[in-house]
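*Asks:* When you get a sec, could you give me coordinates for this:
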Amino acid sequence: MNSFIKLLFIFNFLKYSNGDIMPPIDIMPPIDNSFGHNCLISAGYSWCDGSESCIRIWETPCTDNYIDCNDCFKKQQHGENIACPEECDNINTLPVHIPINCNQWYDGCNNCNVKNGILTDCTRLMCFIEDTPYCINYLGH
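*Replies:* Have a look, this model is predicted:
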């Protein structure tokens with residue numbers, strides 16, 4: 001019986017491949033499933049209801065995993081390996097006041113450029129311990 005299945009698979013591969021490297025999906029072995037959505041779990045994919053697609057949560061933001069940018073950053077700081085949306089890159093989520101003449105800021109984990117007291121570009125390191133935020137460099141110094 002096992003030999004028959006192998007022969008059937010090889011026959012279908014040769015019959016439908018037309019010289020392609022991969023056979024058509026309909027004769028491929030079944031992939032693992034994530035709650036009926038056909039996500040390839042073994043490759044790190046999971047279903048995101050927000051985007052209605054299979055994603056890797058550390059590469060693609062999914063609104064199922066956070067409420068807003070502050071929540072997303074907080075989850076990252078507490079060790080969750082999730083991606084935050086790009087629009088969060090330019091949001092000042094710090095509860096501290098950044099001096100208007102500061103042009104480089106350390107937020108307790110990452111270094112950021114500052115323009116008019118607002119964070120513009122930050123490194124995106126995952127930190128397990130948060131230090132005290134401070135201004136690294138002031139304008140004119």
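*Asks:* Next SSE downstream of the helix or strand bottoming out on mean pLDDT in the chain?
*Replies:* When the helices and strands of the chain are compared on mean pLDDT, DSSP states H and E, helix 2-17 comes out lowest with a mean of 56. As assigned by DSSP states H and E, the chain's next helix or strand after helix 2-17 is strand 46-48.
*Asks:* Give me the sheet partners of that following strand and which way each runs.
*Replies:* Using DSSP bridges, the neighbouring strands of strand 46-48 in the sheet come out as strand 53-55 (antiparallel).
*Asks:* Show me which residues of the strand it pairs with are buried.
*Replies:* With burial defined by 16 or more other C-beta atoms under 10 Å, the residues of strand 53-55 counted as buried are 54, 55. Every residue, glycine included, has its C-beta placed from N, CA and C.
*Asks:* tell me the mean pLDDT for it?
*Replies:* Per-residue pLDDT values over strand 53-55 give a mean of 91.
*Asks:* tell me the domain boundaries of this structure?
*Replies:* Taking automatic domain parsing as the domain assignment, the ranges for the chain are 1-28, 88-138.
*Asks:* Can you flag the weakest of those domains by average pLDDT?
*Replies:* The stretch with the lowest average pLDDT out of these is domain 1-28, scoring a mean of 53.
*Asks:* what about the closest residue to residue 63 other than its chain neighbours, which SS state?
*Replies:* Spatial nearest neighbour of residue 63, excluding adjacent residues (C-beta to C-beta, 6 or more residues apart in numbering): residue 50 at 3.6 Å. Under DSSP: H, G, I helix; E, B strand; the rest coil, the three-state class of residue 50 is coil.
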